[in-house]
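> Quick one, what's the 3D model for this:
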Amino acid sequence: MSDPQPRSRRRLALVALLTLSALTGLGVLATGVLAPWSWQARLCVAIAGIGLLGNVPFVGRHWSSSARRADRVRTRDGATVIAYDRVPAYAAAWALGWTTLVAVLGTSFGVAGGHTGVSLLLGLPFVLLFGLPLVDTLLALLRGAEVVADRERLTVRSWHTETSIAWDAVERVTLDLGPRGMVIAVTGYTAGTTWRGRRLPHVLPGRVPMTPGRVDVDSRAVEPHSPWLLVVLQAWAADAGARGQIGTPEAERRLRQGRDMAAGSS
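From the prediction side, this is the model:
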């Protein structure tokens, strides 16, 4: 039985964080509406306030310890598919969207006011700083991120990369701590020809690491299905006969057990 005191303290800390975030957003919005500045400056500050207020539900969901209830399991073209949770990407798109808008408006107003050189020098770096990640985030949302298991291969398309490996080449399926949190690591015997990996289309320069011979599933992104996904992937990797259930209602049922158990205990 869990101790209610740490849970109560976490809840109070979350309420305090959300209250502070909401008050900050309201304060910035009120400043934009009431301050005796030019309408251009007030518009930019008001948009910043609206953006901060819009961040509040995303902040609450991120810091809350509540389980993800959404059912993201489905069958498609003979494969079993689990979609990644899109809310973190929506949160990133929202935050980058309003900051990019403020940067574009500030730069445009400066240029329109005759301060072209200074405005471009100060504004364009911020437009690029927020705008390029925004484009990449929107591209990722358009593609979606998911785990696709067919009877030959396991493929994981994350927000930035796509990797896959043949079932016959899988040595082990384990939980591992990755650079961004806990992952379900599907590791091959060798980094041989059955493993495939590529970085998905993007505009922001940078390098997303991939490990040849290994396919990672973001454990939090597939909640509440992640505990059962680990078990099912281990079974499919170990037994070719068990893969016969891939792409069937039985596979969906097994992967939904975690959600159903969570719903029954709530």
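> which residues does the residue most central in space within the chain contact?
Residue closest to the average C-alpha location in the chain (CA atoms, centre = their mean): residue 88, at 3.9 Å. The contact partners of residue 88, by CB atoms under 8 Å, 6 or more residues apart in numbering, come to 62, 221. Where you see a C-beta, it was placed from the backbone N, CA and C, and this is true even at glycine.
> Could you do residue 74 as well?
Per CB under 8 Å, 6+ apart, neighbours of residue 74: 81, 83, 252.
> returning to that earlier point: got the buried residues for the strand or helix carrying the residue nearest to the centre of the chain?
Assigned by DSSP states H and E, residue 88 belongs to helix 87-112. Within helix 87-112, the residues that count as buried by 16 or more other CB atoms under 10 Å are 88-89, 91-107, 109-110.
> wait, residue 245 sits on residue 253?
No - using CB atoms under 8 Å, residue 245 makes no contact with residue 253, being 9.3 Å away.
> Those two: who's more crowded?
residue 245 (18 against 13; other CB atoms under 10 Å).
> now stretch 80-94, how far from the chain's geometric center?
With CA atoms, centre = their mean, to the nearest Å as the basis, stretch 80-94 stands 5 Å off its chain's centre.
> averaged over its residues, what pLDDT does that stretch have?
Averaging pLDDT along stretch 80-94 gives 95.
> do the same with stretch 208-216
For stretch 208-216, the mean per-residue pLDDT is 90.
> Can you tell me what sits against that stretch?
Contacts of stretch 208-216 (CB under 8 Å, 6+ apart): 154-156, 158, 160-161, 163-165, 176, 178-179, 183-192, 195, 197, 199.
> okay, how far is it across it, tip to tip?
One end of stretch 208-216 to the other measures 13 Å (CA to CA, to the nearest Å).
> likewise stretch 213-233?
Separation of the first and last residues of stretch 213-233 by CA to CA is 16 Å.
> Next: stretch 173-192.
17 Å.
> buried stuff in it?
173, 183, 184, 185, 186, 187, 188.
> which ones among the contacts of stretch 208-216 are found in strands?
Here DSSP state E is the test, and the contacts of stretch 208-216 give 154-156, 161, 163-165, 176, 178, 183-188, 197, 199 as lying in strands.
> returning to that earlier point: return the distance of the helix holding residue 88 from the chain's centre.
Per CA atoms, centre = their mean, the centroid offset for helix 87-112 relative to its chain is 19 Å.
> shaky segments in the protein?
1-7, 65-69, 191, 258-266 (pLDDT under 70).
> Which strands and helices lie in contact with the longest helix along it?
Scanning the chain for the longest helix, with DSSP state H as the assignment, gives helix 4-34. Packing partners of helix 4-34 (3 or more CB pairs under 8 Å, 6 or more residues apart in numbering; DSSP states H and E): helix 39-63.
> which parts of the next helix or strand after the helix it packs on are buried?
Next along the chain after helix 39-63, taking DSSP H and E as the criterion, comes strand 73-76. Going by neighbour count (16+ other CB under 10 Å), the buried part of strand 73-76 is residue 73.
> Mind listing the strands strand 73-76 pairs with, and their directions?
Neighbouring strands of strand 73-76 in its sheet, by DSSP bridges, are strand 79-83 (antiparallel).
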